[in-house]
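J.: Here is a sequence together with a model predicted from it:
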Amino acid sequence: MSDFPTRPGQSVDGYDVTRRLGTDYYAVFADIPGDDRAVWERAQGFVDEVGDRMQDAWDRAEYPLDLAQRLGELDLLNDGIEHPDLTRFSPLAAGLVNMEVSRGDGSLGTVIAVQGGLALRTLALFGSPEQQARWLGPIARLEVPAAFALTEPDHGSDSVSLETVARRVGAPSTGSGQAGWVLDGAKKWIGNGASGGVTFVWARVDAPTDDDHGAVRCFLVEQSTPGYTGTVITGKASLRGIHQAHIVLDGVRVPGDAVLPGARSFKDASTVLYSTRSGVAWSALGHATACYEAALSYAQQRVQFGKPLAKFQMVQERLAQMLEELTGMQLYCRHLADLELSGGLRPTQASLAKYHNTRAARRIAATARDLLGGNGILIENRVMQHMADIEAIHTYEGTESIQALLIGRDITGMSAFA
């Protein structure tokens, strides 16, 4: 807030509602180990460094790639991936980074999900030694933007039905030159898919005479390859500070060694998605924390009918309801990290955390926006921005309905998928 002369009807020029309050009513994070806390504090410093520019970028629907690259420079993109050439983050440290960066800006939280959680994890899990030697470091440092291309214009929740095809060409049996692949198809909602880096494209093998006909494989495609066209999707009302792309693959030819040898079925793509689902639960917690703390700060500062909003019974009840849900989200996330550290985390447990936390985050954001009144729709107060961004994380990495069906199948032993 700036200094300004008071006048009748306007005693303040704004409200300070974006400060970090450290809300932790049940002391869920009071015993964070020192190494994990250091990573968390590094993420807090990053958020404080880039916050104002990212707010402006979100407003303008621009993707400031240099700010995203700071995540790589600060070594914050690991997302808990285990690999000898990457810095090891515990599941708790990885979660705290997701939470803190999303608390600052959801678009940057999605950078972590895309660059680290999806693309880097795919390479670390399934890439050849040669692919990893060339690309792992540059992707981890975000010197090279990386994308994970699974969903298609016609296949979102049913991505298992993907139709993008990969055909072998130049195989030795044909005598037609160097062996390779040709990719044809389309992908949509692909973060970093038009950012000038590389894309991990999931495609179905079309080779009727080969044993892997119909299998889903993953290909490392440089975005400068002829036939690859990535077009930034415009008109988004959510995650406006990162670009998602509509990708067209028109006879994209890649060498034989572009295929990731460890990725041989859709189950491998699912492994990556399951691993990032807990990160979405942490991201939702970050958004919800920002909304709750904005509402609390506003209630303490905003005066109506001669007293702060915080002195009204209805406001205190709403704050208590928000805190109840926020504390539940924190408990989900902390236990999720403990389960993952012990090796006992099951995919559907991560699904339940995402299912609970994104739903709770939506409710907290809606209450916060309402509590801020007209000031709640101002981007400078961040609540509306978080409210819009939560809509995206509520959908990606599996919609609410898909999570419910995964959980339902697990607890009943019966599949209700069509």
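T.: Thanks, I have the structure now.
J.: What ranges does the stretch 51-200 of the chain have for its helices?
T.: Per DSSP state H, counting those that start in this stretch, the stretch 51-200 of the chain carries helices over the ranges 65-73, 91-104, 106-111, 121-126, 129-140.
J.: Pull out the buried positions in the fourth one.
T.: By neighbour count, with 16 or more other Cβ atoms under 10 Å as the criterion, the buried positions of helix 121-126 are Arg121, Thr122, Leu123, Ala124, Leu125, Phe126. (Glycine included, C-beta is placed from N, CA and C.)
J.: quick one: which of those is nearest to Tyr332?
T.: In terms of Cβ to Cβ, no member of those lies closer to Tyr332 than Arg121, at 21.8 Å.
J.: list the contacts for that closest one?
T.: Contact partners of Arg121, counting by Cβ atoms under 8 Å, 6 or more residues apart in numbering, are Asp79, Ile81, Val272, Ser275, Thr276.
J.: ok, now Ala194?
T.: Counting by Cβ under 8 Å, 6+ apart, Ala194 has contacts Gln223, Gly230, Thr231, Val232, His243, Ala245, Ile247.
J.: Now the buried members of these.
T.: Here, 16+ other Cβ under 10 Å leaves Gln223, Gly230, His243, Ala245, Ile247 buried among those.
J.: need the residues you listed in TSV with distance to Gly306, pLDDT and secondary structure, can you?
T.: Shown next, in TSV, are those (distance: Cβ to Cβ, whole Å; pLDDT from 0 to 100; DSSP: H, G, I helix; E, B strand; the rest coil):
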residue	distance to Gly306	pLDDT	secondary structure
Gln223	60	98	coil
Gly230	57	98	strand
His243	48	96	coil
Ala245	53	98	strand
Ile247	58	98	strand
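J.: now the strands for the stretch 101-250 of the chain?
T.: 146-149, 165-169, 180-191, 198-205, 216-222, 228-232, 244-255 (DSSP state E, counting those that start in this stretch).
J.: Ok, which of those comes nearest Val101?
T.: Proximity to Val101 (Cβ to Cβ) singles out strand 180-191 among these, at 14.4 Å.
J.: Which strands border that closest one, and is each parallel or antiparallel?
T.: Paired neighbours of strand 180-191 in the sheet (DSSP bridges): strand 165-169 (antiparallel), strand 244-255 (antiparallel).
J.: would CSV of those with distance to Ala61 be doable?
T.: Listed next are those as CSV, based on distance: least, Cβ to Cβ, whole Å:
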stretch, distance to Ala61
strand 165-169, 33
strand 244-255, 11
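J.: Out of these, which gets nearest to Ala147?
T.: Set against Ala147 and scored by Cβ to Cβ, those come closest in strand 244-255, at 7.3 Å.
J.: Okay, angle between the closest one and strand 198-205 too, please.
T.: Strand 244-255 runs at 70 degrees relative to strand 198-205, counting by axes from the mean of the first three to the mean of the last three Cα atoms, to 10 degrees.
J.: by contact count, what packs against the helix or strand following strand 244-255?
T.: Using DSSP states H and E, the helix or strand that follows strand 244-255 in sequence is helix 266-301. Other elements packing on helix 266-301 under the criterion 3 or more Cβ pairs under 8 Å, 6 or more residues apart in numbering; DSSP states H and E are helix 91-104, helix 106-111, helix 121-126, strand 216-222, strand 307-308, helix 313-342, helix 347-371, helix 383-395.
J.: Apply 7 Å and report the result again.
T.: Applying 3 or more Cβ pairs under 7 Å, 6 or more residues apart in numbering; DSSP states H and E, we find helix 266-301 packed against helix 91-104, helix 106-111, helix 121-126, helix 313-342, helix 347-371, helix 383-395.
J.: quick one: which of those is nearest Gln304?
T.: Comparison of these against Gln304 by Cβ to Cβ identifies helix 313-342 as nearest, at 9.7 Å.
J.: Can you check what angle separates the closest one from helix 266-301?
T.: Angle of helix 313-342 versus helix 266-301, following the same axes, to 10 degrees, is 150 degrees.
J.: Identify each buried residue in helix 313-342, please.
T.: For helix 313-342, a neighbour-count test (16+ other Cβ under 10 Å) marks 315, 318-319, 322-323, 325-327, 329-330, 332-334, 336-337, 339-340 as buried.
J.: same for that helix, what does it pack against?
T.: Judged by 3+ Cβ pairs under 7 Å, 6+ apart, the packing partners of helix 313-342 are helix 91-104, helix 266-301, helix 347-371.
J.: what is the rounded mean pLDDT of it?
T.: Helix 313-342 comes out with an average pLDDT of 97.
J.: So what's the residue count around Leu65?
T.: Using other Cβ atoms under 10 Å, Leu65 has 17 other residues around it.
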